[in-house]
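Visitor: Predicted model and sequence below, questions to follow.
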Amino acid sequence: MLEAIPVTIDVSPGLTRPRAFLGISFDESDKPVRTWFENLLDTCGFEVVTAEASEHEPLGEKVRRKIQSCSVSCFVLTKRHKTESSEQWLPPQWIPSEIGMAYDCRHRIAIFAEKNVTVEGIIPSIEDYRRFSRETLNEDIHQILSSVLSLRMPQIQEAIESLLTQNQLTPIVVLRALYEIMSNIVDIRRMITSVPKCSVVSLIEDSRPFLVLGDGHVKGIIKGTTWQVTRIRDPEEQGVEERIGTIEVTYTQSTMAHGYFTNPTEEARLKDMFPDISSQGANRRLQGWLATPLVPPLLQNADTHDIENGLKIIGQLLSLVTGGE
């Protein structure tokens, strides 16, 4: 049986907590998992919003309004239907639709899939996700916590301080999550050094158009990185770049990565540039478009050497506390 995370956060009057939509099964068998994730989000300083009894109307206006009322979303894919002659399970069928709604709202998204749950459809094409087992949630909490905390960028430092000062989670759990986040930042800094620019190879015309960057994991492009997109303005003015906007990479594969515009105005401007844009997933090849990675907001003023020293200190602390486990 899962133990609930103790939640007694004291929110000062007038302090607004960011709202997080939690898309998860309301089946009675999943109640321990649902309570665990609700408590974790609450502990990280979110006001948790769920679909409640509306899980059977994923395209309904009630669900859409709830998602629109939030700034981030977290989705948990639990076992729902057993796949015949297999150890695999299908998740609740309405969750992919809710994920699509969250993307339309430009949410930061964290997705967690239970062990042996098949992840298909829209999810693997637009978002990386973490696996979990309901039997070991408390043991693996630092990995899940790092993803949940990333939803609070760039206020992540305040979120971590809140967790430590209010004793909501043991310091070792927070340190492990912080270690994972800082390691990712080091990877991003190294990527920025090795990939000062990359080509934007195509525009995928959809309800929310996104840009495809070349090479993906081959160049080390990392999910969650932010890129400034430009294009050569005119063939006669070769080398003169026009700024298009800023995109955030949401998914990478070996040969490609893609990202959405973070600013609705910039996305609207892109649609103005291509007035015949469709919503059928058409692929429009681009030439002369470039993307330049931007430094992440967390620890922006610290260089890689300083962050690595911090990682060594945290690693030593964890080694002392855990006895080298």
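Guide: All right, it came through fine. Residues are numbered from 1 along each chain as shown.

Visitor: Assign Tyr103 to helix, strand or coil.
Guide: Recorded secondary structure, Tyr103: helix (DSSP: H, G, I helix; E, B strand; the rest coil).

Visitor: tally of neighbours for it?
Guide: Tyr103 is flanked by 21 other residues according to other Cβ atoms under 10 Å. Quick note: C-beta positions are derived from backbone N, CA and C, even for glycine.

Visitor: How much space separates it from Pro96?
Guide: Using Cβ to Cβ, to the nearest Å, we find Tyr103 at a distance of 11 Å from Pro96.

Visitor: And Ser86, by the same measure?
Guide: 20 Å.

Visitor: Neighbour count for these two, which is higher?
Guide: Pro96 (19 against 9).

Visitor: My guess is the more buried one contacts Gly121. True?
Guide: Yes - between Pro96 and Gly121 there is a contact under Cβ atoms under 8 Å: 4.9 Å.

Visitor: for the biggest helix by length in the chain, which positions count as buried?
Guide: Longest helix of the chain, by residue count under DSSP state H: helix 171-194. By 16 or more other Cβ atoms under 10 Å, the buried positions in helix 171-194 come out as 173-186, 188-189, 191-192.

Visitor: mind checking the longest strand of this structure?
Guide: For the chain, the longest strand by residue count, based on DSSP state E, is strand 241-252.

Visitor: Which segments of the protein make up each domain?
Guide: 19-143, 196-294 (automatic domain parsing).

Visitor: Tabulate these (CSV), appending mean pLDDT and distance to Leu169.
Guide: Shown next, in CSV, are the domains of the chain (pLDDT from 0 to 100; distance: least, Cβ to Cβ, whole Å):
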stretch, mean pLDDT, distance to Leu169
domain 19-143, 86, 6
domain 196-294, 86, 22
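
Visitor: From start to finish, how long is stretch 47-61 in a straight line?
Guide: Criterion Cα to Cα, to the nearest Å; first-to-last residue distance in stretch 47-61 is 21 Å.

Visitor: From the contact counts, what lies against the helix or strand just after the longest helix of the chain?
Guide: Sequence order places strand 198-205 as the next helix or strand after helix 171-194, per DSSP states H and E. In terms of contacts (3 or more Cβ pairs under 8 Å, 6 or more residues apart in numbering; DSSP states H and E), strand 198-205 is packed against strand 210-214, strand 282-285, strand 289-294.

Visitor: Out of the ones you listed, which one sits most buried?
Guide: strand 210-214 (a mean of 22; mean count of other Cβ atoms under 10 Å).

Visitor: I would like the residues contacting the helix or strand following that one, please.
Guide: Next in sequence after strand 210-214, counting helices and strands by DSSP H and E, comes strand 226-232. Residues outside strand 226-232 that contact it (Cβ atoms under 8 Å, 6 or more residues apart in numbering) are 200, 211, 213, 238-249, 259, 262, 286, 288-294, 296.

Visitor: for stretch 281-292, same thing?
Guide: By Cβ under 8 Å, 6+ apart, stretch 281-292 touches 196-206, 211-213, 227-232, 241, 244, 247, 274.

Visitor: Narrow the residues you listed to just the buried residues.
Guide: Buried members of the contacts of stretch 281-292, scored by 16+ other Cβ under 10 Å, are 198, 200-203, 205, 211-213, 227-231, 241, 244, 247.
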